[in-house]
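> Here is the input, now give the coordinates:
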Amino acid sequence: MSTPRRIFINAMTSYGTTVLGMALGLFSSRWVLQGLGAVDYGLMGVVGALIIFVTFLNQVMSNASARFFAFSIGAGDFEDTKQWFNVSIFIHLLLPSCLLCVGWPLGEWAVGGFLNIPAERLGTAHWVLRLSLLSAFFSMVTTPYIGMCIAKQKIAEISIWGVLGSIANFGLAYAVLITNRDSWLLYCAGTVCIVITIRMIQVYRAYIMFQECRISRVLWRDPKRIRKVLRFSGWTLFGAIGGLLRGNGIAILLNKYFAPSQFPQVNASYSIGSSLSGYTQTLSTALMTAFSPEITSTEGRGDRLRMLKQASLASKFGTFLILLLAIPLFLEVDYVLLVWLKEPPAFAASMCTLSLITFMIDRVTAGQMIAVAAKGQVASYQMMLGGFLLLTLPIAWLFLAHGFNAVSVFWAYIITMTLCSVGRVFLAERLVDYSPLVWLKEVFIPCAVVLVCGLLFGYLVQTSIGEASFIRLFVVTLATLISSFVLGWLFIMSVDERRYFISCALNWRQRLFS
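This is a model prediction of the structure:
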């Protein structure tokens, strides 16, 4: 399979299955809320927050493993890839074991003596913590196998398992709604069983497909490789912690300036905006997973020019795929929230809109981020990223301290994310010779044209229909999708890319009718 075709299939598979998973998750969240009730639903978030750092660390370590695997695969050295796999296995056995030894007693103490949990739910809360830790431990230990699947670009298969997991969780949500038992414990136990089952199948598949996934304890103790993985992961973790502290810090700021008892709409609106941000981040991770392995492998082969071209494709097509969802949502966010929540909080629409803008600003420089990670020199990039993300807190505090409303905290998000994107552009120029002028010409300007023209066309269609309704939502969505595809064909795709897609379409047509 050719490289462009493989990247295209990986991106579309990841995009389609992630959007399906998001739709199932959004629809079933109402069942979970009804089944658990407000108290248990809130407690689930509180107890889950105790292991959020472990989840973050798992994602960081997974990305690090996949990066080193892909770079080694690109260099074409089987033994080197096998050594990286075994070093990764050693780290992913040692690190979660240490975290479990420390986190388990601390978590038990927090549930029993620190968090405000009703006495009648204390026993369930302890079991939920233990099951969550088990799930996190199992996920971290099996990360090298998943990383090898990503590095080998088995994205379609990973996406299929993701869809099956989403469908299983969808069924679990309905079971929680109709059960007469302890819904919180049932939901947690069911989620853990789904995660472990799918992970076990993926580990078995990776072991069968890839000879590199053979454990050899002789290869575990390689100090030089261990230092490289931990150094790369450490700097990546620094940037990730900036994002983690930003989200939790903003929630604390809003809680301080807008007490929940007096301003319930503010905290609820922020929770909805954060939920949308979480779903868009999931979509972002899926798209990054589709593009990163090939870009890293190309860098491993020493083909810098081709790597930079692929990085531009990642920014350009990644942003375009986001615009397909964002443009109709910008126009119809009030009605979408009304259908989803029935009685959306007052600031929810504004916060969701600004959250989407933040996400688009982040995606338009995704190629620079992948290119820098492919080279491996991430220290300066992660210092810049983590520092700017942490600036969100003082900027939001200044806004609130000077009397701005709660929506202003999302303007702080936009300011710092813009700084991050601009920083990526200039750092990529210094580290991998990615020209800012090329990025402006090939990525930013074409995507801006699609966004502005798509919004104008969608607005004209919207105003011609009148009152908000499902019919208007459908027509506006269809109209913006058609206009976005036409504009994307004219402005985003190059002449060579158009020829390639026409050639693929003709080949598929010939196969269907031959």
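
> Tell me which helix or strand residue 336 sits in.
Secondary-structure assignment from DSSP states H and E places residue 336 in helix 304-341.

> Does anything pack onto that helix? Which helices or strands?
Packing partners of helix 304-341 (3 or more Cβ pairs under 8 Å, 6 or more residues apart in numbering; DSSP states H and E): helix 3-48, helix 264-300, helix 348-363, helix 366-375, helix 408-432, helix 436-439, helix 445-465, helix 470-487. No exception for glycine: its C-beta is placed from N, CA and C like everyone else's.

> what angle do the third one and helix 445-465 make?
By that I understand helix 348-363. If you take axes from the mean of the first three to the mean of the last three Cα atoms, to 10 degrees, helix 348-363 sits at 160 degrees to helix 445-465.

> Quick check: chain neighbours aside, which residue is closest to residue 151?
Excluding the flanking residues, the one nearest residue 151 by Cβ to Cβ, 6 or more residues apart in numbering is residue 69, at 3.5 Å.

> Check which residues of the helix or strand containing residue 101 are buried.
Using DSSP H and E, residue 101 falls within helix 78-109. For helix 78-109, a neighbour-count test (16 or more other Cβ atoms under 10 Å) marks 80-92, 95-96, 99-100, 103, 107-108 as buried.

> Please report how far the nearest residue to residue 472 once chain neighbours are set aside lies from residue 325.
The shortest distance from residue 472 to any non-neighbouring residue, by Cβ to Cβ, 6+ apart, is to residue 465 (4.5 Å). From residue 465 over to residue 325 the distance is 20 Å, taken as Cβ to Cβ, to the nearest Å.

> Neighbour count for these two, which is higher?
Neighbour count, other Cβ atoms under 10 Å: between residue 465 and residue 325, residue 325 has more, with 19 against 13.

> List the contacts of that one.
By Cβ atoms under 8 Å, 6 or more residues apart in numbering, residue 325 lies in contact with residue 19.

> So for it, what's the pLDDT?
At residue 325, the model reports a pLDDT of 84.

> Distance-wise, check it relative to residue 363.
Separation of residue 325 from residue 363 (Cβ to Cβ) stands at 11 Å.

> Tell me what angle the helix holding residue 336 forms with helix 445-465.
20 degrees.

> could you give the angle of helix 304-341 to helix 470-487?
Interaxial angle of helix 304-341 relative to helix 470-487 (the same axes, to 10 degrees): 170 degrees.

> Show me how far helix 304-341 is from its chain's centre.
Relative to its parent chain, helix 304-341 has a centroid offset of 13 Å by Cα atoms, centre = their mean, to the nearest Å.

> circling back to that earlier point, winner for burial among the helices and strands packed on helix 304-341?
Mean neighbour count (mean count of other Cβ atoms under 10 Å) peaks for helix 366-375 among these, with a mean of 25.

> starting at the chain centroid, how far to it?
Chain-centre distance of helix 366-375: 16 Å, with Cα atoms, centre = their mean.

> What angle do helix 348-363 and it make with each other?
Orientation note: helix 366-375 sits at an angle of 50 degrees relative to helix 348-363 (the same axes, to 10 degrees).

> mind listing what's buried in the helix or strand following helix 366-375?
Heading C-terminal from helix 366-375, the first helix or strand you meet, by DSSP H and E, is helix 379-390. Buried positions in helix 379-390, judged by neighbour count with 16+ other Cβ under 10 Å: 381, 382, 384, 385, 386, 387, 388, 389, 390.
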